[in-house]
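J.: I'd like to go over a predicted model; first the sequence, then the structure.
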Amino acid sequence: DAKTTQPTSMDCAEGRAANLPCNHSTISGNEYVYWYRQIHSQGPQYIIHGLKNNETNEMASLIITEDRKSSTLILPHATLRDTAVYYCIVRVRDTGRRALTFGSGTRLQVQP
Amino acid sequence: GAVVSQHPSWVICKSGTSVKIECRSLDFQATTMFWYRQFPKQSLMLMATSNEGSKATYEQGVEKDKFLINHASLTLSTLTVTSAHPEDSSFYICSARTGNEKLFFGSGTQLSVL
């Protein structure tokens, strides 16, 4: 799995968009970008994933650069409940036999 | 969406006793489940991969005789911490993958060994 680099922490004002960057300069052509988050004392929660096209769902948007070396997770209107650690993970899709490997993630603090 | 149920949410036990943690996939069958451990302020560390009907695969440095994993059915995996000691106090999390490539996680179990 390609290595990812994320800022250690970020702050965001409630109601504003939260933009969480992730660098993955060694990503391979068949590797996807996955985002999960972990709210304090809970298990991680899947947010979104993508290969090369931008993706959007009810939780967030994922913007992947054209060269695929970096991506940004966007929470369009952050709320206090979005305070969590956000993990960017790059890996190939497989049959489900391999676990996810978590890095340090970005600790997002949404301020009132 | 898919749900993974983990019990108990928290447990306190005396040193030397054993603790069992259950992980259930409620609305899908999971041939493979994963167990993680997380210490305060740290990221999740994979402990083992649990395969239905066969022996678990443990990560390097994880004692298989101490952390017993059983995956007897397609919806249930259990982790038993045997002869628990204070250094085993941690947040334990299970996960399972559905057929559409998403991994779902249990809510975690906070283990405190006195």
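T.: Structure received. Residues are numbered from 1 along each chain as shown, chains lettered A, B, ... in the order given.
J.: quick check: the gap between A:E66 and A:G29.
T.: Look at A:E66 and A:G29: by Cβ to Cβ, to the nearest Å, they are 13 Å apart. Backbone N, C-alpha and C define where each C-beta goes, glycine included.
J.: tell me where the model's unsure across chain A.
T.: Applying pLDDT under 70 to chain A flags the ranges A:94-97.
J.: up against chain B, what does it have?
T.: By Cβ under 8 Å from any Cβ of the partner chain, the part of chain A that sits against chain B consists of A:36, A:38, A:41-46, A:49, A:87, A:93, A:96-105.
J.: could I have the buried ones of these as PyMOL selection syntax?
T.: To isolate the buried subset of these in PyMOL, counting by 16 or more other Cβ atoms under 10 Å in any protein chain shown, use the following:
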select buried, chain A and resi 36+38+42+43+44+46+49+87+96+98+99+100+102+103+105
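J.: pull up the pairing partners for the lowest-mean-pLDDT helix or strand in chain B, direction included.
T.: Lowest by mean pLDDT, DSSP states H and E among the helices and strands of chain B is strand B:103-105, with a mean of 88. Here strand B:103-105 is paired, per DSSP bridges, with strand B:90-97 (antiparallel).
J.: grab the nearest non-local neighbour of the residue of chain A at minimum distance from chain B.
T.: Residue of chain A nearest chain B, by Cβ to the nearest Cβ: A:G43 (3.3 Å). Excluding its sequence neighbours, the residue lying closest to A:G43 (Cβ to Cβ, 6 or more residues apart in numbering or on different chains) is B:F105, at 3.3 Å.
J.: pretty sure the one you found is touching A:Q45, no?
T.: Yes: counting by Cβ atoms under 8 Å, A:Q45 is a contact partner of B:F105 at 7.1 Å.
J.: element containing B:L79, please.
T.: strand B:76-81 (DSSP states H and E).
J.: A:L20 contacts A:T72, doesn't it?
T.: Yes: contact criterion Cβ under 8 Å: A:L20 and A:T72 qualify, at 6.6 Å.
J.: can stretch B:52-70 be found next to chain A?
T.: No: Stretch B:52-70 does not reach chain A (Cβ under 8 Å from any Cβ); its nearest approach is 9.0 Å.
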